[in-house]
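S.K.: Need coordinates for the below:
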Amino acid sequence: MLYSKKRNLLIIFSIIAIILIVMVSVNDQTTENPDTPDDEVKGEVIVGGKDFTEQFILSEITSIYLKENGYLVEEVSDIPHSKVIRSALLNNHIDLYWEYTGTAFMNYMESQYSTALVDQVYTKVKNWDEQNNVKWLQPTDINNSYALIMSKTNADRLGIHSISDLAQYMNEQNDQLNFAVNQEFLVRDDGLDGLEKHYDFQIPPNSLKNIDTGLFYKALENGRVDVSLGYATDGYLKNKGLEVLKDDRAYFPPYYAVPTIREETLEKYPDIKKLLHDLSDHLNHRKMINLNYQVDVRHANISKVAREWLMSEELIPKIDLELFEETGK
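M.R.: Numbers count the residues shown, from 1 in each chain. Got it, this is the predicted structure:
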């Protein structure tokens with residue numbers, strides 16, 4: 001459709017601009033680790049992160065843990081598109097970041113997903129990325145899958161509890177619903193176009209609200225939209241007034257969070273593999289929801305949340321956080 005072509009051209013130009021910004025950012029930032037004397041430094045690494053809360057937290061946890069284990073770490077977070085951060089990894093602008101199995105399977109491999117593949121996605125992307133000199137390390141059970149979310153009151157009133165129910169409503173009712181999505185979902189292979197084809201319905205362009213990911217739940221709360229894109233690990237989902245629509249025809253693949261790292265970096269610093277395995281061992285889906293909840297709902301400082309979690313898991317020494325200088329993230 002013409003609408004899709006226009007938005008695809010827009011994102012292509014946006015991606016080019018963002019890649020240039022990332023390159024400048026990496027070159028301009030100063031790598032610091034005041035806790036590690038120069039004669040004890042094991043190496044220097046650049047940790048990347050995408051532009052939403054969970055990625056801020058994962059990159060911060062990773063950076064703190066590597067610093068505590070002797071590495072100079074530079075963080076390049078807030079990268080606003082998966083293909084941009086992927087490009088940064090492949091072009092040696094970052095050394096590692098947390099990626100999601102479904103993102104790689106659908107968008108980088110450009111594979112077609114079916115429920116028969118649910119237990120194979122990690123292995124397939126891991127093996128496929130060998131050719132790109134990218135290593136997928138130990139996966140977590142953090143499944144940050146896409147989700148469509150409504151207020152429970154609205155869902156009950158309209159009888160919409162699954163995406164099939166939603167598709168039927170959109171096809172049969174003149175009263176169209178407003179949807180909140182972000183720019184990336186508009187152009188991804190596992191995004192809006194694929195969802196509409198899979199469930200056989202279409203959202204009119206004037207019913208789509210392209211908004212920042214961080215504003216999804218506010219838009220639902222204030223009634224600006226009826227249905228919002230969301231993620232299965234969102235901290236806001238602890239709110240019992242929200243309902244996640246069942247993906248009853250299994251459109252979305254699993255999106256397990258996994259540390260990905262350049263093979264060259266891993267060969268240079270082999271002990272990073274164990275350190276990242278430590279993090280994967282201690283992280284899980286429930287803990288990730290709670291971490292996201294602390295930042296998004298309780299508005300806690302990301303650096304403090306990350307350090308408190310590492311201390312609670314006994315991965316780093318405990319310190320008095322009242323005396324700790326926060327970074328203000």
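S.K.: who are the neighbours in contact with Ile261?
M.R.: By Cβ atoms under 8 Å, 6 or more residues apart in numbering, the residues touching Ile261 are Asp95, Leu96, Val134, Lys135, Leu137, Ile272, Leu276. Glycine gets a C-beta too; all of them are placed from N, C-alpha and C.
S.K.: let me redo that: Thr101
M.R.: Val121, Tyr122, Val125, Pro139, Pro253, Pro254, Tyr255, Tyr256, Val258.
S.K.: did I read that right, the third one in a helix?
M.R.: Yes. Membership of Val125 in a helix is supported by DSSP: H, G, I helix; E, B strand; the rest coil.
S.K.: OK, contacts around it?
M.R.: Thr101, Ala104, Phe105, Tyr108, Met109, Trp136.
S.K.: mind checking the SS state of the nearest residue to it once chain neighbours are set aside?
M.R.: Once flanking residues are discounted, Val125 sits nearest to Ala104: 4.2 Å by Cβ to Cβ, 6 or more residues apart in numbering. Secondary structure state of Ala104, per three-state DSSP, is helix.
S.K.: What's the local residue count around Ala104?
M.R.: Neighbour count of Ala104, defined by other Cβ atoms under 10 Å: 26.
S.K.: ok, it touching Asp129?
M.R.: Yes. Using Cβ atoms under 8 Å, Ala104 makes contact with Asp129 at a distance of 7.1 Å.
S.K.: quick one, strands of this structure?
M.R.: Under the criterion DSSP state E, the chain carries strands at the ranges 43-50, 71-79, 96-100, 134-136, 146-151, 179-181, 208-210, 227-231, 242-244, 257-262.
S.K.: quick one, which of these is nearest to Val297?
M.R.: strand 242-244 (12.0 Å; Cβ to Cβ).
S.K.: ok, the residue nearest to Val125 to Ala180 distance?
M.R.: Noted for Ala104: a distance of 25 Å to Ala180, by Cβ to Cβ, to the nearest Å.
S.K.: which one of the contacts of Thr101 is nearest Met150?
M.R.: Tyr255 (20.7 Å).
S.K.: ok, that closest one - how many residues close by?
M.R.: 24.
S.K.: tell me the contacts of it?
M.R.: Per Cβ under 8 Å, 6+ apart, neighbours of Tyr255: Tyr100, Thr101, Gly102, Thr103, Asn143, Asn144, Ser145, Tyr146, Ala232.
S.K.: what do you get for Thr260?
M.R.: Thr260 neighbours (Cβ under 8 Å, 6+ apart): Leu89, Leu96, Tyr97, Trp98, Glu99, Asp129, Val134, Lys135, Trp136, Leu137.
S.K.: rerun that using 6 Å as the cut-off
M.R.: By Cβ atoms under 6 Å, 6 or more residues apart in numbering, the residues touching Thr260 are Glu99, Val134, Trp136.
S.K.: Same question for Phe216.
M.R.: When contacts are counted by Cβ under 6 Å, 6+ apart, Phe216 touches Ala180, Ser228, Gly230.
S.K.: is it true that the last one touches Ala147?
M.R.: By that I understand Gly230. Yes. Look at Gly230 against Ala147 with Cβ atoms under 6 Å: they come within range, at 4.7 Å.
S.K.: For these two, indicate the residue with more neighbours.
M.R.: The neighbour comparison of Gly230 against Ala147 (other Cβ under 10 Å) goes to Gly230, with 23 against 20.
S.K.: Skipping adjacent residues, who's closest to that one in space?
M.R.: Ile149 (4.3 Å).
S.K.: Quick check, central residue of the chain?
M.R.: A centroid search over the chain (Cα atoms, centre = their mean) returns Gln55, at 5.4 Å, as the residue closest to the centre.
S.K.: Ignoring the adjacent residues along the chain, who's closest to Ile57?
M.R.: Nearest one to Ile57, counting by Cβ to Cβ, 6+ apart, is Leu291 at 5.2 Å.
S.K.: mind saving the C-alpha coords of stretch 105-125 as CSV?
M.R.: Listed next in CSV are the C-alpha coordinates belonging to stretch 105-125 (Å, rounded to 0.1, in the frame of the first residue of the first chain):
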residue,chain,number,x,y,z
PHE,A,105,14.7,-14.6,13.2
MET,A,106,12.1,-12.4,11.6
ASN,A,107,14.1,-9.2,10.7
TYR,A,108,17.7,-10.3,10.2
MET,A,109,17.3,-13.8,8.9
GLU,A,110,14.0,-12.8,7.2
SER,A,111,12.5,-16.2,8.1
GLN,A,112,8.8,-17.1,8.3
TYR,A,113,7.7,-18.1,11.8
SER,A,114,5.3,-20.9,12.7
THR,A,115,4.4,-22.5,16.0
ALA,A,116,6.3,-25.6,15.0
LEU,A,117,9.5,-23.5,15.3
VAL,A,118,8.9,-22.2,18.8
ASP,A,119,11.7,-24.3,20.4
GLN,A,120,14.1,-23.8,17.5
VAL,A,121,14.3,-20.1,17.1
TYR,A,122,17.3,-19.6,19.4
THR,A,123,19.3,-22.4,17.8
LYS,A,124,18.5,-21.2,14.3
VAL,A,125,19.6,-17.6,14.9
